[in-house]
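In: Got a predicted structure plus its sequence, pasted below:
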Amino acid sequence: EAQVTQNPRYLITVTGKKLTVTCSQNMNHEYMSWYRQDPGLGLRQIYYSMNVEVTDKGDVPEGYKVSRKEKRNFPLILESPSPNQTSLYFCASSLLSSGRYGDTQYFGPGTRLTVL
Amino acid sequence: SQQGEEDPQALSIQEGENATMNCSYKTSINNLQWYRQNSGRGLVHLILIRSNEREKHSGRLRVTLDTSKKSSSLLITASRAADTASYFCATDATFGKGTRLHILP
């Protein structure tokens, strides 16, 4: 089944404790991205990747890191999480650069992160 | 930066009625997409309309695009309880804040 998976689905952590949220897609998509969703603010893009070893900042990259060593994986790293990073996080992928060439984005199920 | 803005923010209608949501955007686009999100879940792609198209249909969905007004609308006909969700428009990789649609039994 074609899908985007994220782990963990739920995470409660404390300020400053490094964490990684994994994202994997099995559709051989080139483009992957991370979003956070907050009430009243909608979805905001954190980082995106056009292909392996190519990553770029989205609208709200501060406090996050990503890597794209393999085509299928795009982990989101919070080196020192803070309470303002409490949010619902989504990973997404598309065949090519999403939107610009009319590519549908496929979303993962989401990771609900709470930073105490 | 938020490109698309949906209107209204929330909408409640009776089952069987039609639901219309609007999206406005700021800059020129290649295409515009609509997504649905059930509570707390990932977004699901509904329909894409290209900048040279004016109207597109998919089942009970009808999307229009007016590039001169930089706006789009999503019409869901004969609404069902299962249509209760949030609906987002997206241009490139930028999403609006969504319209929360609630279908009343």
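Out: Good, I have the coordinates. Residues are numbered from 1 along each chain as shown, chains lettered A, B, ... in the order given.
In: Bridged to residue B:10, which residues?
Out: residue B:100 (DSSP bridges).
In: That one and residue B:97 touch, don't they?
Out: No: judged on C-beta atoms under 8 Å, residue B:10 makes no contact with residue B:97 at a distance of 10.9 Å. In short, each C-beta sits where N, CA and C put it, glycine included.
In: who has more neighbours, those two?
Out: The neighbour comparison of residue B:10 against residue B:97 (other C-beta atoms under 10 Å in any protein chain shown) goes to residue B:97, with 22 against 10.
In: mind listing what the more buried one touches?
Out: Residues in contact with residue B:97 (C-beta atoms under 8 Å, 6 or more residues apart in numbering or on different chains) are A:40, A:41, A:42, B:2, B:5, B:6, B:9, B:88.
In: swap in residue B:62?
Out: Taking C-beta under 8 Å, 6+ apart, one finds B:55, B:56, B:74, B:75, B:77 in contact with residue B:62.
In: Beta-bridge partners for it, please?
Out: Assigned bridge partners for residue B:62, using DSSP bridges, are residue B:57, residue B:75.
In: And it, how far from residue B:43?
Out: 20 Å (C-beta to C-beta, to the nearest Å).
In: State the distance from residue A:38 to residue A:67.
Out: Here residue A:38 is placed at a distance of 24 Å from residue A:67 (C-beta to C-beta).
In: Using JSON lines, lay out the contacts of residue B:62 together with neighbour count.
Out: Shown next, in JSON lines, are the contacts of residue B:62 (neighbours: other C-beta atoms under 10 Å in any protein chain shown):
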{"residue": "B:55", "neighbour count": "11"}
{"residue": "B:56", "neighbour count": "15"}
{"residue": "B:74", "neighbour count": "25"}
{"residue": "B:75", "neighbour count": "15"}
{"residue": "B:77", "neighbour count": "14"}
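In: who touches the closest residue to residue A:73 other than its chain neighbours in this structure?
Out: Spatial nearest neighbour of residue A:73, chain neighbours left out: residue A:24 (5.2 Å); criterion: C-beta to C-beta, 6 or more residues apart in numbering or on different chains. Counting by C-beta under 8 Å, 6+ apart, residue A:24 makes contact with A:4, A:5, A:72, A:73, A:74.
In: Residue A:61 reaches residue A:46, doesn't it?
Out: Yes: in this structure, residue A:61 is within contact of residue A:46 by C-beta under 8 Å, at 5.8 Å.
In: Can you pull out the low-pLDDT segments for chain A?
Out: Judged by pLDDT under 70, chain A has its weakly predicted residues at A:97-102.
In: The contacts of residue B:97 in strands, which ones?
Out: Secondary structure assignment by DSSP state E places A:42, B:5, B:6, B:88 of the contacts of residue B:97 in strands.
In: tell me which of those residues is nearest to residue A:30?
Out: residue B:88 (22.8 Å; C-beta to C-beta).
In: is it true that that closest one touches residue B:100?
Out: No: between residue B:88 and residue B:100 there is no contact under C-beta under 8 Å: 10.5 Å.
In: Now do the SS call for residue A:84.
Out: helix (DSSP: H, G, I helix; E, B strand; the rest coil).
In: If anything else comes up later, I'll come back, but that's it for now.
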